[in-house]
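Colleague: What follows is a predicted structure for the sequence shown.
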Amino acid sequence: MAEILKGKVVADKIKEEITRDVEDLKKNGINPTLGIVRLGKNPDDIFYERSIIKNCNSVGISTSIVEEDESITTEKLVEIIERLNKDDFISGILVFRPLPKHIDEEVIRNVISPKKDIDCMNPINLEKIFEGDMTGFAPCTPKAAVEILLHNNVSLEGKNVVIINRSMVVGKPLAMMLLEENATVTICHSRTKDLHKVTSNADIVMTALGRPKYFDKKYFKEESIVIDIGISEDENGKISGDIDFEDVKDYVKMITPVPNGVGSITTSILLKQTVNACK
Ligand SMILES: Nc1nc(=O)c2c([nH]1)NC[C@@H]1CN(c3ccc(C(=O)N[C@@H](CCC(=O)O)C(=O)O)cc3)C=[N+]21
């Protein structure tokens with residue numbers, strides 16, 4: 001029977017720290033505010049936005065949401081971000097991704113001020129992660145995945161960690177953060193041969209594939225620690241992770257659920273980085 005690693009415990013601890021920090025800032029007349037830019041009504045974005053607003057309210061952070069149609073031009077989006085950059089009331093900026101296909105992401109990444117870039121979109125912040133400098137803003141999702149392990153006293157030193165995701169938003173920065181913890185890291189993707197052989201040899205498997213219940217227990221061994229970063233809808237429209245939780249949970253050593261796993265920590269990390277930007 002696996003130990004189930006709940007994200008809520010970690011998220012609550014981070015939120016306690018944030019609440020204290022926000023109180024201190026407010027005593028000095030400073031009001032931390034998160035600026036969110038959402039293009040269209042992508043369900044993933046709306047889901048995240050709802051969680052952000054709920055959590056911001058609970059710790060005393062204000063939110064300012066800019067909603068635009070997904071047909072917006074790159075030029076117009078640049079104007080919006082520049083306005084938020086200049087606005088002294090905005091502490092941090094989150095632009096939901098992926099952006100609509102016609103938007104030039106390269107331009108947008110560079111426009112967002114590195115000082116307000118709380119989800120690590122700007123190449124200046126991303127470069128820090130790749131250089132092993134963890135003092136800046138980390139991308140919130142991979143940071144949450146590392147935090148759930150550290151909080152549960154899972155040492156990464158010398159461990160064989162397999163990541164299934166090679167994006168700049170999750171897989172690649174996650175690999176760099178794990179290297180900083182002295183793990184041995186393998187990144188897998190759609191062309192990886194015999195994926196189950198690679199994963200079943202790993203101490204820790206971290207997946208962000210976005211296919212509901214894709215991985216059953218044949219991908220793991222009994223000592224496996226399984227971190228599910230995937231979020232998608234199953235055939236009944238319910239939120240599901242990449243792991244077939246019911247099949248795997250009695251077999252491996254530790255596993256994170258979806259919901260109430262990594263995702264719930266992601267939001268807390270975002271708020272924490274908003275407060276840090278404000279400071
Ligand atoms: N620039 C950018 N960065 C992102 O990190 C990003 C994004 N764009 N676009 C959308 C996706 C989606 N995403 C989620 C994060 C947390 C929950 C979350 O809080 N999940 C809770 C569920 C909370 C509840 O049930 O209400 C959980 O898994 O337990 C969900 C979804 C981040 N994304």
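Modeller: Ah, there it is.

Colleague: which residues touch the residue of the chain found nearest the ligand?
Modeller: Nearest residue of the chain to the ligand, counting by CB to the nearest ligand atom: Gly263, 2.4 Å away. In short, each C-beta sits where N, CA and C put it, glycine included. Contact analysis of Gly263 by CB atoms under 8 Å, 6 or more residues apart in numbering lists 7, 51, 144, 231.

Colleague: what helix or strand does it sit in?
Modeller: Element membership for Gly263, per DSSP states H and E: helix 262-278.

Colleague: returning to what we had before: which one of the contacts of Gly263 has the most neighbours?
Modeller: Ala144 (26 neighbours; other CB atoms under 10 Å).

Colleague: My guess is it contacts Val262. True?
Modeller: Yes. Using CB atoms under 8 Å, Ala144 is in contact with Val262, at 5.0 Å.

Colleague: Bridge partners for Val161, pull those for me.
Modeller: Val185, Ile204 (DSSP bridges).

Colleague: That one is in contact with Asn201, isn't it?
Modeller: No. Judged on CB under 8 Å, Val161 makes no contact with Asn201 at a distance of 11.2 Å.

Colleague: These two - which one has more neighbours?
Modeller: Neighbour totals were compared for Val161 and Asn201, and Val161 leads with 23 against 13 (other CB under 10 Å).

Colleague: and Arg109, how many neighbours?
Modeller: 20.

Colleague: Who are the contact partners of it?
Modeller: By CB under 8 Å, 6+ apart, the neighbours of Arg109 are 121-123.

Colleague: Same list, the contacts of Gly263, but only the ones touching the ligand.
Modeller: 7, 51, 231 (CB under 6 Å from any ligand atom).

Colleague: Switch those over to JSON lines, and while doing so, append secondary structure and pLDDT to every line.
Modeller: Listed next are the ones next to the ligand among the contacts of Gly263 as JSON lines, based on DSSP: H, G, I helix; E, B strand; the rest coil; pLDDT from 0 to 100:
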{"residue": "Gly7", "secondary structure": "helix", "pLDDT": "97"}
{"residue": "Ser51", "secondary structure": "helix", "pLDDT": "95"}
{"residue": "Ile231", "secondary structure": "coil", "pLDDT": "91"}
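
Colleague: Let's have these in JSON lines, adding distance to Arg97.
Modeller: Output for those, formatted as JSON lines (distance: CB to CB, whole Å):
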{"residue": "Gly7", "distance to Arg97": "21"}
{"residue": "Ser51", "distance to Arg97": "16"}
{"residue": "Ile231", "distance to Arg97": "14"}
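
Colleague: Restricted to helices, list the contacts of Arg109.
Modeller: Pro123 (DSSP state H).

Colleague: Please, a ChimeraX command that selects the buried ones among the contacts of Arg109?
Modeller: A single ChimeraX command suffices to select whichever of the contacts of Arg109 are buried according to 16 or more other CB atoms under 10 Å:
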select :121,122
